[in-house]
Every structure is written in structure tokens, then in C-alpha cells.
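Undergrad: Mind folding the following:
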Amino acid sequence: MKGFLLGAMLLIGVMPLASAQVYKCKGASGETVYSQNPCAAGAEPMKLRSSRGSAESAGEAANRAAVYRNTGLADAGIEERNCVQGERSRIYGPLESRSQQVGRQVADLNRQLAAPTGTLAAATRDSGIRAQIASLQQSLSAERVAADTQMSNAREQCAATRRERERAVHDTFSNAPATSR
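TA: Numbering: from 1, shown residues only. Okay, here's the model as predicted:
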């Protein structure tokens, strides 16, 4: 850790030198040497290409804005998908549990119907069991219709949230006002 800090401090100390002038010289053996001090009287500093300026061009700004805009729009779509999946779990999860429970109850009632009987009392009992099965199935069907209605409303709400987010993204990254779709 101390070595890292020492290296960082040295780097910070050398940074001002990066903007100093550089001279290209010939060494004693004829090799090229770069120095921040003039090699000989009348030596001219090298013309260095400056690194990219801090100001970005209009094209770069437009590209950056397009990337941010596209990312924002993609995020809005992902949020909608996640919203729909969450609502599906919230709405259909309990219905699936209830459906399994009703399935077990119907199976038990069907086993009772399968038991051999031949009396009038048994026929009345069988009629009651069939009415219970029909009632359970009708109740489950009504719960499915209600869940489908809830899911339809939830999908619309998720889509409306996505459209609001897309509008905000368009407003943020466009000069023209967002149009409604």
C-alpha cells in the first residue's frame, strides 16, 4: 500500500513536467535522446501534438446524446418488461396456488364418486359431490377472469409508465418537443 501511495505521489509530482517543452537531441553514441533541457545553444523545442482537447465537437456531443437517448429508451423497455413480470407473479401466483388446491379438492371428490354405491342415499350424495365440483370449477373460472382483468390493467399501467419514461428521455435528449405516440 505504501508503494502504491509513493508511486501515486511521484506520478502527481511528474505531471506538471508533462506540459514542459521537449527537445530532441543526439546522444554521444548517435542515439536519439529526449530532454526537457536544450541540448545545444539555439535548440528549438519539438512541436508536440496536443492530446485531444477537453471540448467535444458538436458531432461527438450528438453521438453521446444519441447513445444516452437509446440507452434511456432501452431501459424504459426493460423496466416495462420487469414491471409486467412482477405483476404477473403478483396476480397469477396466488391464482396458481388456488388452482392447485382446487385440483386436489376435485380429485378427492372424484375418488368419492368412484366408490361403488347402489343406494338412493348414495345417489343423492353423488349429486351433492358433483355440485361441489361444479361450484369449485366455477369459482376458479371466475377468479381466472378477475386475474386476467387485473393483468390487463397492470400491463396498461406498465406501458403507460414506459411511455412517460420515453417522453422524458426524448425531452431530455432532443431539441424538439416530444411528440405523443
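Undergrad: contact partners of the helix or strand hosting V33?
TA: Assigned by DSSP states H and E, V33 belongs to strand 32-35. For strand 32-35, the surrounding residues in contact (C-beta atoms under 8 Å, 6 or more residues apart in numbering) are 22-27, 39. C-beta coordinates here come from the backbone N, C-alpha and C atoms, glycine included.
Undergrad: Closest one of these to N63?
TA: Nearest to N63 among those is V22, at 33.1 Å by C-beta to C-beta.
Undergrad: A43 falls within a strand, correct?
TA: No. Counting by DSSP: H, G, I helix; E, B strand; the rest coil, A43 is not found in a strand; it is coil.
Undergrad: Need the per-residue pLDDT for it.
TA: Note on A43: pLDDT of 73.
Undergrad: got it, and A18?
TA: In this model, A18 is scored at 49, pLDDT.
Undergrad: now do P116
TA: Residue-level pLDDT assigned to P116 equals 77.
Undergrad: Counting neighbours, what do you get for it?
TA: 5 (other C-beta atoms under 10 Å).
Undergrad: On the three-state scheme, it is what?
TA: coil.
Undergrad: about what we covered before: now, which of the contacts of strand 32-35 sits nearest S127?
TA: Distance to S127 across the contacts of strand 32-35 (C-beta to C-beta) is lowest for V22, with 103.2 Å.
Undergrad: Would you quantify the distance from the closest one to A40?
TA: Counting by C-beta to C-beta, to the nearest Å, the gap from V22 to A40 is 15 Å.
Undergrad: And these two? Which one has more around it.
TA: A side-by-side neighbour count of V22 and A40, using other C-beta under 10 Å, places V22 first with 14 against 8.
Undergrad: Contact partners for the more buried one?
TA: 34-36, 45-46, 48.
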